[in-house]
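Participant: heads up, no residue letters with this:
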């Protein structure tokens, strides 16, 4: 059993590996998408696009296949980390190779791909380059899911108890947000062309690799991992979470995952296209970067930040005793923010919309992640990471980007690239669909609240909000 208080060393590991994992994941989820639009599609003809695929379609396919790879990897490696009772090596070695593969993305160009496969037709060069990016993204996902989704998440579950998890998830969420802001800050230089994508991917890849090296010396597997029964069959463990008896016995776990799934699908409708949307829609519609950086806009942004943080702190304090109410509030507020974003590309509307979006997203992610960990059966954290990934990654990253792609193509907002070809870019109507899907999370959440959120109660008819 874990101690009631986490050690300083474990807090350091949780913070460091969450931050570095966030660096790698945000680089993949945010900047591989801009890399496709800004680099791969920057100078291709209309004929090449028509002969291969639109940029938004390429992004949707990359995200979907990456999600499939993430889930399959987590199933296999999560159960294997349980079987071998060694999270440390999975985390550390995984981070080392995760960083190496990230750095390799900077060397992917149409010219290099054309030379590698001896191609001359522009459409084939474009299509092959896109698929090369997608395949490399799958390789990177394998490394990240092995180390972070399968092993690190299971390790966090093993070293914590239900009472600790809301604060741990809050720290993970805050650190994840900081890592996202850090990547965005550095990545904006690559997106603007100030630094090359080779430098960007290479630099971030190196620090992720160094984090993995540190893990070899600092991470220790807790007693809960080391003392786990190893007599079970690996293949049975792999499919343990699909058994009808297991699903019935852990109904609250699956209801919480289903509700979480709808919320993440809503986010994935627009998230893969977000930075491209800002670059090619929001900034031009607001008169350029210089207009956005005016004093009134900056002051509004600061006020929005302060109000959002204050609301998050208040609601998270309330969530200790009112998880159900806070989860419902989070889902509704998140969806409301999406609806507001769908009404305008104006900077003030966007800033105001950030309050409900960030607030709702914080509540949804922190509380659902804590609840899911609470309902995972004791000693089976690794086996259930794959199940978690189906709901948190596979379904959202397949369904969400496809809906977003269809919304963008329906709006048909385009830019003209360097050689005069029209390239479809994201449009604000994708947020409308995100809001609609987000509200669907209330259906399984209602059933979950009816069964109760208190892990100390065994009565399924007990209602705890």
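Facilitator: Happy to help now that I have it. Treat the numbers as computed from the prediction; the structure is a model and nothing was measured. Numbers count the residues shown, from 1 in each chain.
Participant: where exactly do the strands run in the stretch 351-465 of the chain?
Facilitator: Taking DSSP state E, counting those that start in this stretch, the strands of the stretch 351-465 of the chain run over residues 414-416, 422-424.
Participant: so which of the ones you listed is the most packed in?
Facilitator: Across the strands of the stretch 351-465 of the chain, averaging neighbours per residue (mean count of other C-beta atoms under 10 Å) puts strand 422-424 on top, at a mean of 17. To be clear about C-beta, it is placed using only N, CA and C from the backbone, and glycine gets the same treatment.
Participant: that strand: partners in the sheet, and parallel or antiparallel?
Facilitator: Strand pairing for strand 422-424, using DSSP bridges, gives strand 414-416 (antiparallel).
Participant: what about the strand it pairs with, distance to the chain center?
Facilitator: Distance of strand 414-416 from its chain centroid, counting by C-alpha atoms, centre = their mean, to the nearest Å, is 28 Å.
Participant: what mean pLDDT does that strand have?
Facilitator: Across strand 414-416, the average pLDDT comes to 79.
Participant: rewinding a little: quick one: closest of the strands of the stretch 351-465 of the chain to residue 284.
Facilitator: The closest of these to residue 284 is strand 414-416. By C-beta to C-beta, the value is 8.8 Å.
Participant: that older thread, can I get the strands of the stretch 351-465 of the chain in TSV including distance to residue 273?
Facilitator: Below are these laid out as TSV (distance: least, C-beta to C-beta, whole Å):
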stretch	distance to residue 273
strand 414-416	13
strand 422-424	10
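Participant: so for residue 116, which of these sits nearest?
Facilitator: Comparing those by C-beta to C-beta, strand 422-424 comes nearest, at 24.7 Å.
Participant: contacts for the closest one, please.
Facilitator: 37, 41, 46, 49, 54-56, 408-409, 412-417 (C-beta atoms under 8 Å, 6 or more residues apart in numbering).
Participant: closest to residue 78 out of the strands of the stretch 351-465 of the chain?
Facilitator: Residue 78 lies closest to strand 422-424 among those, at 37.4 Å (C-beta to C-beta).
Participant: just how off-centre is the closest one within its chain?
Facilitator: 26 Å.
Participant: mean confidence for it?
Facilitator: 79.
Participant: straight-line length of stretch 25-35, end to end?
Facilitator: 15 Å (C-alpha to C-alpha, to the nearest Å).
Participant: hmm, I typed the wrong one, I wanted stretch 24-37.
Facilitator: Distance between the two ends of stretch 24-37: 20 Å, counting by C-alpha to C-alpha.
Participant: isn't residue 30 up against residue 184?
Facilitator: Yes - the criterion here is C-beta atoms under 8 Å, and residue 30 meets it with residue 184 at 7.0 Å.
Participant: how many neighbours does the closest residue to residue 311 other than its chain neighbours have?
Facilitator: Computed as C-beta to C-beta, 6 or more residues apart in numbering, the closest residue to residue 311 that is not its neighbour in sequence is residue 359, at 5.0 Å. For residue 359, the neighbour count with other C-beta atoms under 10 Å is 24.
Participant: so what's the predicted local confidence for residue 359?
Facilitator: 84.
Participant: same deal with the one 4 residues further on?
Facilitator: We have a pLDDT of 83 for residue 363.
Participant: same question, residue 189
Facilitator: Residue 189 carries a pLDDT value of 85.
Participant: residues in contact with it?
Facilitator: Residue 189 touches 195, 200, counting by C-beta under 8 Å, 6+ apart.
Participant: tell me the SS of it?
Facilitator: Secondary structure assignment for residue 189 (DSSP: H, G, I helix; E, B strand; the rest coil): helix.
Participant: wait, residue 182 sits on residue 20?
Facilitator: No - between residue 182 and residue 20 there is no contact under C-beta under 8 Å: 10.4 Å.
Participant: neighbour-wise, which of the two wins?
Facilitator: Neighbour count, other C-beta under 10 Å: between residue 182 and residue 20, residue 20 has more, with 26 against 15.
Participant: and residue 439, what does it touch?
Facilitator: Contacts of residue 439 by C-beta under 8 Å, 6+ apart are 331, 332, 335.
Participant: just residue 169 next, same as before
Facilitator: 365, 366, 367, 369, 370, 373.
Participant: could I get these in TSV, plus columns for distance to residue 278 and neighbour count?
Facilitator: Converted to TSV, these look like this (distance: C-beta to C-beta, whole Å; neighbours: other C-beta atoms under 10 Å):
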residue	distance to residue 278	neighbour count
365	21	23
366	25	27
367	28	27
369	27	23
370	31	24
373	33	26
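Participant: which element follows the helix or strand harbouring residue 291 toward the C-terminus?
Facilitator: Following DSSP states H and E, one finds residue 291 within helix 289-292. Scanning forward in sequence from helix 289-292 by DSSP H and E, the next helix or strand is helix 295-319.
Participant: any buried residues in the helix holding residue 291, and which?
Facilitator: residue 292 (16 or more other C-beta atoms under 10 Å).
Participant: ok, residues contacting it?
Facilitator: For helix 289-292, the external contacting residues (C-beta under 8 Å, 6+ apart) are 283, 286, 297, 347.
Participant: the last one: neighbouring residues, count only.
Facilitator: When neighbours are defined as other C-beta under 10 Å, residue 347 has 20 of them.
Participant: ok, it to residue 260 distance?
Facilitator: 31 Å (C-beta to C-beta, to the nearest Å).
Participant: off-centre distance for stretch 56-76?
Facilitator: With C-alpha atoms, centre = their mean as the basis, the mean position of stretch 56-76 lies at 12 Å from the chain mean.
Participant: kindly apply the preceding question to stretch 397-404 instead.
Facilitator: Put simply, stretch 397-404 sits 13 Å off its chain's centre (C-alpha atoms, centre = their mean).
Participant: hmm, who's touching it?
Facilitator: Residues contacting stretch 397-404 (C-beta under 8 Å, 6+ apart): 56, 59-60, 63-64, 66-68, 70, 264-273, 426, 430, 433-434, 437.
Participant: what's the closest of the strands of the stretch 351-465 of the chain to residue 96?
Facilitator: Set against residue 96 and scored by C-beta to C-beta, the strands of the stretch 351-465 of the chain come closest in strand 422-424, at 36.5 Å.
Participant: flag the shaky bits of the stretch 351-465 of the chain, pLDDT-wise.
Facilitator: 379, 381-383, 385, 454-465 (pLDDT under 70).
Participant: neighbours of residue 410, how many?
Facilitator: Using other C-beta under 10 Å, residue 410 has 11 other residues around it.
Participant: quick one: the helices in the stretch 201-350 of the chain?
Facilitator: Using DSSP state H, counting those that start in this stretch, the helices assigned to the stretch 201-350 of the chain run over residues 223-226, 234-238, 244-249, 251-270, 274-277, 283-285, 289-292, 295-319, 323-341, 347-375.
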